[in-house]
Each structure stands twice: as structure tokens, then as C-alpha cells.
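Participant: what's the 3D shape of this:
(one chain, ligands or ions: 1)
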Amino acid sequence: MISWSSSCSGRGRGAGEGVHLQRAATATTALRSRCCPQGGAPRHALGQSLRRRPDSDVCAATTALDDAVLVARRASSAAAAATASDHTVETTPTPGTATTTYNIVFITSEVAPWSKTGGLGDVCGSLPPALASRGHRVLVVAPRYAAYPEASDTGKRITVLDVEVGFFHTHIKGVDWVFVDHPSYQRVGGLYADAFGVYGDNQFRYALLSLAALEMPLQLELNGSLYGQDCVFIANDWHASLVPVYLAAKYRPHAVYTDARSILAIHNLRHQGVFPPSSYAMLGLPGNWYGALEWQYPPHMRQGSYEEEGRAVNTMKAGISTADRVVTVSPGYAWEIQTPEGGWGMEEMLASRAYALNGVLNGIDGAEWSPESDPHLPRRYGRSNFSRGKAENKATLQRELGLPERPNVPLIGFIGRLDFQKGADLVLAVVPWLMQQDVQLVCLGTGDPGLEAGMRWMESSYPDAARGWVGFNVPMSHKITAAADLLLMPSRFEPCGLNQLYAMAYGTVPVAHATGGLRDTVLPFDPWKGTGTGWTSSPCTAEAFQAALGTALVTLREHPDSFRALQLRGMERDSSWDAAARQYEQIFAWAKLDQPYAK
Ligand SMILES: Nc1ncnc2c1ncn2[C@@H]1O[C@H](COP(=O)(O)OP(=O)(O)O[C@H]2O[C@H](CO)[C@@H](O)[C@H](O)[C@H]2O)[C@@H](O)[C@H]1O
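Facilitator: Okay, the predicted model is just below:
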């Protein structure tokens, strides 16, 4: 019995009788010495001892730290970084094409530019072309939320979950993009919710997507041939977390997809796809697989009237417990999700699979996010002329937003969902202090109505210095990124974070909470060594964030040469997808080396 089942449920096995996880785990252990990045170290033990480490600046539980804890935290942050590095994937550079190529199928609920509510869309729109450019055959499967003019009807119809779905296809940047067509995807509101809340049939919509994606390599000819059974499925977030379950429960028992492997990619563990136990019946899974989804919440974690005494089916948990490997979007987050502070209840189970868990830092799409070619910018610029270029973008943005046109005033930006994760409340908390510092602040975001009201309060209270744009506006996000001197990212937790990568590429210096991917990518400025690309603060409090921001403003105003050097170091950072693509290849190789984890 593997350890996570004890945290799953008080009534029976976490994995269910049909999941031969014990056998698979044993097989995996036997092969670990060949597939483990660190040469086969016993990762269970490592993960468990480190979960007790008192480094907990992952989320909100950081408000009342006394000095002693702060000292301990500083001492342990280096150790935490070392721990995170256990989840990195070392690769030798093989630029150009890969030596072994794979048929790769991404399953995702959103993909830019067709559908995007956040970073998941960005990643699924840009990692697949990077893999395709290395010689892999790559298919991305997403819902057809609207009529996309580029994609044409394949004419193929199949029946899954007792309904008929169609497939629309286009081939762009070397990738097959297939949009699953069903009336449940086309809604007047957003992708997942409208003004009345989240859609009641989301579980069905994404189970349908997952099953349709699994049928596609077997049934849908693309560019003249099937993808076939030898595929690597990359299931993104909870929406696609049933892919490994279906693979193990519906296909492998019939000797289909025996060579295929599944990888669960966690972009955000907070959202787990939790539904009532009774909903299991409509997923089309055999009854003896119930345990793979079963989840029992302890009383203090229960929320939502649908959970009967804390019992639920948890889609993300099902993915974690059945995928052949688990990947998350930074080494730091790979470590954090094994801690009680960052695991959202999944920490025990993830720690039990630590040997199959890796963190691969996201890259950015250079075609979409480069100040040299960005079509949204009034003035494009590169490293050689960034001071002038940014000054012109700043002046244009100040005019566009009706702010006083002042070249020397520090312009500070914030872009992101207005929710608990992104720490927009911490930005609002420092606004009264910030407005005393003679700066301009421009925030762009949408989400929690209370925080949206906060943005409006900020703008009406400081009309000459602050703007709070409530809405989702991609051109505006590019303009702010280019025009700002500093970008605020006080996220309570951040699996990777893309805005700090965009900011650095645009010569905008991030001021961020030292967590997850932010800690991995924003290197703290060291004035003595002349190193670093931004400022990070810890713990996650308004006070610590304000202190970091104060230091950033002093540097910007009183040490302009140091600040320019910081900007340039950020612009020189390699955030391309190539390194990540090579690390994914290594993970595919490990997955293929192991026996299937669940069958
Ligand atoms: N109001 C607005 N208008 C226009 N654009 C807006 C916007 N609000 C946000 N965006 C854009 O949406 C994207 C958000 O990316 P993040 O990486 O911050 O986000 P997210 O939390 O959604 O994703 C999760 O997945 C990604 C990808 O793995 C991880 O980086 C991240 O840590 C994890 O939480 C960026 O491209 C940003 O510019």
C-alpha cells in the first residue's frame, strides 16, 4: 500500500481495488535507478523529511512570524532552493532536433491564441511548437469554444459518453491543433463560468474532452495518417486529469495504448476539479476504479455544499495517482506542493511520488512577447535602445490613460487575476504608502468583485497617480509591460508565473514574493556583486513587500546606472522554450523506460 492512500479516505482504499498501484510502484522502484534524475536516490524518504522543513512562505500562513522564525527562514531558504533543485531535470544541450522523437498529445482546457484566461493558455500555445520544431509530431486537443476561422471541419464524428463530438483541425507552426466540437463548449459567458458562477456541467465538458482526446490518435487521420498507439499524453491541470485514469482503466486492460505514457502537468494545484461522489457514475469508468478519484476532506477543509460529509471525487487527485509521471512548472513549485502549505491536501500523495515528479520552468513565446517585434507597442525597442524605447512607451501609456505625462516619475505596473493567489490585496494595502512616494501605478486585472472594487477605489482616490483597469485586455497587458519601470508580483503562491518573465524580457524589473517559480526566476539584486534581475520579498506580508518596493524605488531614483544594469540583465535572460522542451524530452524518455504506473 503506498502512503498517500491514508490521507485519501477513511472508508476504504484510496486507489480502489482495480488500481494495481502496488505492483506498478514496485516495478517503478525497480527501474528507479535508471530513470531517476539523481541516479536512484530513495526520493520517498527525501521528500518526507523535507516536508517538515519550516520554510513555509508559500501562502498566507506567514502573517505573524517572529524574528526567530524569520532568521530560521532565511537560513532555510538556501536549503529549500537546494531541495527544489532535486526536481530539476538536467539535460545536455542538443540544439536543433531531438535524437529520439515522440508522438505527443497535449490535452488542455485552453490554448492561446484561440482561448485564454491565463498562463495555461499561453503555455499550451507555445510549448507544443517548441517541441514540434525539435522533430516531434505534436497534437494539441482543446475545446472548440467558438468558431475558429483557421480550423476546418474534419468531418469525423465519434460517440463518447453517449454524445457525438466532431473535430476541427488546423496545422500551424508544425503542430496539429484539434478543437473538439460539442454544444456544451459554446457558451455566452467565459470558458468556465459566467456572471452566475461556474458552469454546472464542467465535469462533463472536460471528461468529454479527455475521452475524445484519447480516441483521436486511434481514429482521426491528420495529414494523412493516424498518430497511433505509441503516444505520450500530456494532461494539463484538473480539466485533463482523467486522461491517465481512462488510459489505465479503459484502454490498457484491452491491450490498447500499452506503449503510451501519460504525464500530468500541474500548472496550479489549487484548482482540483472536485465534484459530488454521485457524479462518478457519468464518467464512463468501471465501478472498481472509484477509489482512484475518491477523496475525503477533513472537516476544516470542507467547502461547497456538494461535498457530502467531506466526501468527493477529486479529478486532480485521480491524475496524480495514476499518471506515469507528474510535471509542474518550476522546480520550486515541485518542492512546495509536497509541503502542507503548498500541497492543498495533495502533499502526502505527491511526496509519495517524488521520484516521478519534476519541475520544468516555463518559457515564453518570443514571437508573442518580444519588445523588438511586439505589434501592440507604439514604439518597439531592443537591448541597444531600451531606455529610449521604454520612455516613449511610458509617455504614450500616460497619455492613453490620462495620467500626467512625466518622464521621470517611476511607473509601476500590476497585471493578473484579482484573487487570493496573485496578492492584489497586498498591492492595495501598500497603495496609501506608495502614493506618498511620487509614483504612478497602473493595475490591470479582473476577478474577485471586492478586489475589482478596490481597483476602482484606488483610481478614484488618486486620480493623478493611479489607474485600476478592470478587465481582460491583452494589448493593454503588453503596453503596461513595456512602459513600466517596475512590475509587482506579490503572489501568495506562484507555480511559475509568466508576467515576471515577460517583464524581464521588456526591461521591466519585477518586485515579487519569493515563492515557487518567482523565486526560481527573479534573482535578488546584489549591489555589491552587480548581480540579480529584481527584488524578492519574504514573508508574504504587505510590510515585507513594501520594504522591497522601497528598496527598488531608492535604486531606481538614486542609482540609475545600477537600475539600468538590472534591466539589461533581465533582458539578457534566456526565457526561450528550448531548454524546457529538452527537459520534457528527458521526462518522456524516463516515462517510456518505466512500466505503466497504473493498469
Ligand atoms: N486582465 C488581464 N488582461 C490581459 N492579460 C492578462 C490579464 N490577467 C492576466 N493576464 C495574462 O494571463 C497570463 C497569466 O499568466 P500567469 O503565469 O500569471 O498565470 P496563471 O495564474 O493564470 O497560470 C498558472 O499557469 C501558469 C502556466 O504554467 C503559471 O505560470 C502560473 O504560475 C499558474 O498560476 C499572462 O499572459 C498575463 O499577461
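Participant: all contacts plus neighbour counts: C-alpha atoms, from now on.
Facilitator: Noted.
Participant: correct me if wrong: Ser562 contacts Thr555.
Facilitator: Yes - the pair Ser562 / Thr555 is scored as a contact, 7.1 Å apart, by C-alpha atoms under 8 Å.
Participant: mind giving me the domain split of the protein?
Facilitator: Listed domain ranges for the chain are 28-61+92-363+580-593, 383-575 (source: automatic domain parsing).
Participant: now Glu294: closest residue in space that isn't a chain neighbour?
Facilitator: Using C-alpha to C-alpha, 6 or more residues apart in numbering and skipping the chain neighbours, the partner closest in space to Glu294 is Val313 (4.8 Å).
Participant: how about the residues of the stretch 351-500 of the chain that lie near the ligand?
Facilitator: Proximity of the stretch 351-500 of the chain to the ligand, by C-alpha under 6 Å from any ligand atom, involves residues 415-417, 444-446, 471-474, 477, 494-499.
Participant: so where do the strands sit in the stretch 351-500 of the chain?
Facilitator: 357-359, 411-415, 440-445, 466-470, 486-489 (DSSP state E, counting those that start in this stretch).
Participant: what is the first one packed up against?
Facilitator: Counting contacts by 3 or more C-alpha pairs under 8 Å, 6 or more residues apart in numbering; DSSP states H and E, strand 357-359 is packed against strand 325-328, helix 331-336.
Participant: could the ones you listed go into JSON lines alongside mean pLDDT and distance to the ligand?
Facilitator: Formatted as JSON lines, the helices and strands packed on strand 357-359 follow (pLDDT from 0 to 100; distance: least, C-alpha to the nearest ligand atom, whole Å):
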{"stretch": "strand 325-328", "mean pLDDT": "98", "distance to the ligand": "8"}
{"stretch": "helix 331-336", "mean pLDDT": "98", "distance to the ligand": "9"}
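Participant: of all the ones you listed, which one is nearest Glu572?
Facilitator: If you check each of the helices and strands packed on strand 357-359 against Glu572 by C-alpha to C-alpha, helix 331-336 wins as the nearest, at 21.5 Å.
Participant: up against the ligand, what does the chain have?
Facilitator: 118-120, 123, 267-268, 329, 415-417, 444-446, 471-474, 477, 494-499.
Participant: apply 8 Å and report the result again.
Facilitator: Counting by C-alpha under 8 Å from any ligand atom, the positions of the chain adjacent to the ligand are 116-123, 266-268, 328-329, 362, 415-417, 421-422, 444-446, 469-478, 493-499, 517.
Participant: where's the most centrally placed residue in the chain relative to Asp122, distance?
Facilitator: Most central in the chain under C-alpha atoms, centre = their mean is His267, positioned 2.7 Å from the mean C-alpha point. Per C-alpha to C-alpha, to the nearest Å, His267 is found 11 Å from Asp122.
Participant: now Cys540
Facilitator: From Cys540 to Asp122 the distance is 26 Å (C-alpha to C-alpha).
Participant: more neighbours: which of those two?
Facilitator: Cys540 (26 against 22; other C-alpha atoms under 10 Å).
Participant: circling back: now distance to Trp369 too, for the domains of the chain, in CSV please.
Facilitator: As requested, the domains of the chain are exported to CSV (distance: least, C-alpha to C-alpha, whole Å):
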stretch, distance to Trp369
domain 28-61+92-363+580-593, 11
domain 383-575, 7
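Participant: mean pLDDT for the ones you listed: which is lowest?
Facilitator: When those are ranked by mean pLDDT, domain 28-61+92-363+580-593 comes last with a mean of 88.
Participant: which residues does the closest residue to the ligand within the stretch 151-300 of the chain contact?
Facilitator: Nearest to the ligand, among the residues of the stretch 151-300 of the chain, is His267, at 4.3 Å (C-alpha to the nearest ligand atom). Going by C-alpha atoms under 8 Å, 6 or more residues apart in numbering, His267 touches Leu120, Asn236, Asp237, Thr328, Val329, Pro495, Cys496.
Participant: rerun that using 7 Å as the cut-off
Facilitator: Leu120, Asp237, Thr328, Val329, Pro495 (C-alpha atoms under 7 Å, 6 or more residues apart in numbering).
Participant: separation between it and Glu90?
Facilitator: Computed as C-alpha to C-alpha, the His267 to Glu90 distance reads 21 Å.
Participant: Ala466 reaches Val442, doesn't it?
Facilitator: Yes - in this structure, Ala466 is within contact of Val442 by C-alpha atoms under 7 Å, at 5.8 Å.
Participant: what about the two, which has more around it?
Facilitator: Applying other C-alpha under 10 Å to Ala466 and Val442 shows that Ala466 carries more neighbours, namely 26 against 23.
Participant: in stretch 150-167, what counts as buried?
Facilitator: Buried residues in stretch 150-167, counting neighbours by 16 or more other C-alpha atoms under 10 Å, are found at Ala151, Val160, Val165, Gly166, Phe167.
Participant: contacts for that stretch, please.
Facilitator: With contacts defined as C-alpha under 7 Å, 6+ apart, stretch 150-167 is touched by Phe168, His169, Thr170, Val178, Phe179, Val180, Asp181, His182, Leu208, Leu211, Ala212, Gly284.
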